[in-house]
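Colleague: need a 3D model of the sequence below.
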Amino acid sequence: MIDENVIVKGNPISNSERFQLQNKTNRTRQLLIVLMVVVTIVLINDSIFLNMSNLYEHASTLILMGFFYKFLSDDTTNEIVSLLMWTLVILASYFCWKNDGLYDTAILIYPCILIGTSLLSGSILLFSLLAYMVCSLYGLAWVTELGVIDAISVTDNSIWAKANNLALVLFFYTISLRFLTNENLKLITRLVTENEKTQEAQAKAKVAFDLNPLTNLPNEHIFAVKTNAAIEKNTNGPTLIALITIDQKNLKWINSTLGYEVGNKYIQALSERLQILVGKKASLFHLSGNEFSFLLEANGYDEISQFVQDIVSINRQPILIDDNELEIQNSIGIALFPFDGKSYEILRTRSLIALSHAHSLESREFNFFEMEMESQLKKRSHLSHALKSAIENEEFELYYQPKIHLESNEIVGAEALLRWKTKTGEFITPNDFIPIAESSGLISPIGKQVLMQACRDCKEWHSKTAQQIQVSVNISPYQFRRGNLPNIVHLALNKSELAPRFLELEITESIVFDDTDSVKDQLHTITKRGASIAIDDFGTGYSNLSYISQFNASTLKIDMSFVLDIMDSPLNKHLVNAILQMSKSLDIENVAEGIENKQTSLLLKELGCTYGQGFYWSKPIPQQEFIQFLINYKAQGNGNVTPIRQAN
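Modeller: Residues are numbered from 1 along each chain as shown. Next up is the predicted model:
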């Protein structure tokens, strides 16, 4: 790996070469310091004990070492090393010539020079010095034999044998040093390479830590850092800082229907489109799979509002991915510094709260945070925790509202309506806790409890009043998602010993937003076992007739919003009449909800409505009160109670 920032003698060098060069320079510098200290000591010793016999040589050597030290650098290391080693070897041979030849202690410097050369230079200098040393050995032997050097021999061996022995020792010493040095260099190179790989891996990890791998946009870590920096910079200034969080509502649908590859391409294309708005004041971040955020520094609220409108505008056009035209469905939440918080954590949380509210409001694409939202969220969180306790403590109770045959005025069934009375005695309405139960996943255990209890209560009606009437139980779309609703229904019927024909499940048209095939299969299984299906709140949703056949529905329940003012609204009267005529043509039953007076009951009977339900007969009442109601209703002579038509 080449580091272009490191240039030696005009050429870029690799990290391993740079490391070796720096190491060589440092070792050369250390060697020079040691040599200068040694020469200084020798110079002092010569001055005191040897009458300054070699003063000029030692002083010159010290000056030369200082010169080398001064001019030593990465660019001059190789030259300084060569000059240093040649200086030392020549100086050593000079002292041998001047003193005792091959028997002089200066000859011991030769191996030291070879060691230094092996560590600091290459083979050319090493073997050049070796060749010089060998030549000097034989030269010293020759001049010693001629009597030029008056050497004192400590052995009887010839001077030539001494030279041969020293030459062989130096030769094998040099070969061994070269081998060891090569192995050392290989080891250093390996270590440097591993270090480079480690640094490269760390660099990639840092990039991964800072960037989203799909879009290469800064991630939440960088978002937090930059937000805090912007807050610190504008703590006392007039600038507003907006955290704008953008959620893609349809990404899950794209992934599940077209595949994750298309979903990834969609996110990448969306990020490119959003980057159009990036500028001096606005930065874009990719926080998660379907979530982007802008950090905007603005001079006022109007500038922020216009920026959000620009986000909405550029996403009006769909994105084309592999011949699929994908609509961009955004929800946007905005939190502002300093009004909504003075730290990243608070602003981030409140932008998500605003996003959640925008997501729940189909008519709005973006929402600015308001304190009321947070209080609502805390209330929802409190209810969510309370719901878990309510399930464990069985705090839920079923109330029942009778269903009346309008022609005979007979009770044919009752709808089970869930009520929650907390330990403190507070009643919480279904409109408050059912949405929370659905979003938190608690609707499944609650729904199971309701089915079990409703079947037991219906069996009790039969045994205590001898009136064979049906119970209707509302089913949430979320109860179908686990795929085990038929098993729960079967269990509830078996445990209560209730015949399946006395159980009716009420579903709403919103069920079509779930996995239709799975819902259809579960409903078919339930109806095959004898229970029946009613479509509740008919007319308020899509009112698609195909749902009736797909879901084996045997009853349509007309929503009370059409019934309550039917006496004063010709339009509602026509709508109700149309639904009634349609049910007759399809040969399915109909029930009108929300009947509160006799006039409405008579009008609906005149229009052809079969069954009615509402406060005209009874408000929803608890189980024991309902049993007494059944007994009293029959005793008052309002008609014999008979079961409604059995499911096919």
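
Colleague: and stretch 386-400, average pLDDT?
Modeller: What stretch 386-400 shows for mean pLDDT is 87.

Colleague: ugh, typo on my part, it should be stretch 266-285
Modeller: Here the average pLDDT along stretch 266-285 is 91.

Colleague: how distant is it from the center of its chain?
Modeller: 19 Å (C-alpha atoms, centre = their mean, to the nearest Å).

Colleague: what residues of it count as buried?
Modeller: For stretch 266-285, a neighbour-count test (16 or more other C-beta atoms under 10 Å) marks 266-271, 274, 277, 281-285 as buried. All C-beta atoms are positioned from the backbone trio N, CA, C, and that covers glycine.

Colleague: quick one: contacts of it?
Modeller: Applying C-beta atoms under 8 Å, 6 or more residues apart in numbering, the contact partners of stretch 266-285 are 214-215, 217-220, 222-223, 226, 246, 248, 251, 254, 286, 289-290, 292-298, 307, 310-311, 314-315, 319, 321, 326, 328.

Colleague: let's see which of those residues end up in helices.
Modeller: When those are checked against helices (DSSP state H), the matches are 220, 222, 223, 226, 251, 254, 307, 310, 311, 314.

Colleague: can you map out the strands along the stretch 351-500 of the chain?
Modeller: Ranges of strands within the stretch 351-500 of the chain are 366-368, 396-405, 410-421, 427-428, 470-474, based on DSSP state E, counting those that start in this stretch.

Colleague: tabulate these (JSON lines), appending mean neighbour count and distance to residue 461.
Modeller: Compiled in JSON lines, the strands of the stretch 351-500 of the chain are given as follows (neighbours: other C-beta atoms under 10 Å; distance: least, C-beta to C-beta, whole Å):
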{"stretch": "strand 366-368", "mean neighbour count": "22", "distance to residue 461": "48"}
{"stretch": "strand 396-405", "mean neighbour count": "21", "distance to residue 461": "9"}
{"stretch": "strand 410-421", "mean neighbour count": "22", "distance to residue 461": "8"}
{"stretch": "strand 427-428", "mean neighbour count": "14", "distance to residue 461": "24"}
{"stretch": "strand 470-474", "mean neighbour count": "24", "distance to residue 461": "8"}
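
Colleague: now the ones you listed in CSV, with distance to residue 234?
Modeller: Converted to CSV, the strands of the stretch 351-500 of the chain look like this (distance: least, C-beta to C-beta, whole Å):
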stretch, distance to residue 234
strand 366-368, 19
strand 396-405, 51
strand 410-421, 47
strand 427-428, 44
strand 470-474, 52
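
Colleague: residue 389 - nearest residue in space that isn't next to it in sequence?
Modeller: Nearest residue to residue 389, sequence neighbours excluded (C-beta to C-beta, 6 or more residues apart in numbering): residue 395, at 7.6 Å.

Colleague: contacting residues for that neighbour?
Modeller: With C-beta under 8 Å, 6+ apart, residue 395 has these contacts: 389, 420, 421, 422, 423.

Colleague: still on that earlier bit, filter the ones in helices among the contacts of stretch 266-285 down to the buried ones and hand me the PyMOL line.
Modeller: Remark: buried members of these, expressed as a PyMOL selection using 16+ other C-beta under 10 Å:
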select buried, resi 220+222+223+251+254+307+311
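
Colleague: pLDDT below threshold where in the stretch 201-350 of the chain?
Modeller: Residue ranges of the stretch 201-350 of the chain with pLDDT under 70: 205-208.

Colleague: please redo it, this time with the cut-off set to 50
Modeller: Applying pLDDT under 50 to the stretch 201-350 of the chain flags no residue at all.

Colleague: what do you get for the chain?
Modeller: 1-8, 639-648.

Colleague: center of it - which residue?
Modeller: The residue lying closest to the centre of the chain (C-alpha atoms, centre = their mean) is residue 288, at 5.4 Å.

Colleague: can you tell me which helix in this structure is longest?
Modeller: In the chain, taking DSSP H as the definition, the longest helix is helix 159-210.

Colleague: rewinding a little: reformat the ones in helices among the contacts of stretch 266-285 as TSV; add distance to residue 333.
Modeller: Below are those laid out as TSV (distance: C-beta to C-beta, whole Å):
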residue	distance to residue 333
220	15
222	20
223	14
226	19
251	16
254	21
307	14
310	16
311	12
314	18
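
Colleague: pull the most distant pair out of the ones in helices among the contacts of stretch 266-285.
Modeller: Using C-beta to C-beta, the ones in helices among the contacts of stretch 266-285 span at most 29.5 Å, a distance reached by 226 and 254.

Colleague: give me the secondary structure label for the residue lying closest to residue 354 once chain neighbours are set aside.
Modeller: The shortest distance from residue 354 to any non-neighbouring residue, by C-beta to C-beta, 6+ apart, is to residue 333 (3.3 Å). Look at residue 333: counting by DSSP: H, G, I helix; E, B strand; the rest coil, its state is strand.

Colleague: pull the contacting residues for residue 333.
Modeller: 244-245, 247, 351-358, 366-367, 369.

Colleague: kind regards, and thank you for your time.
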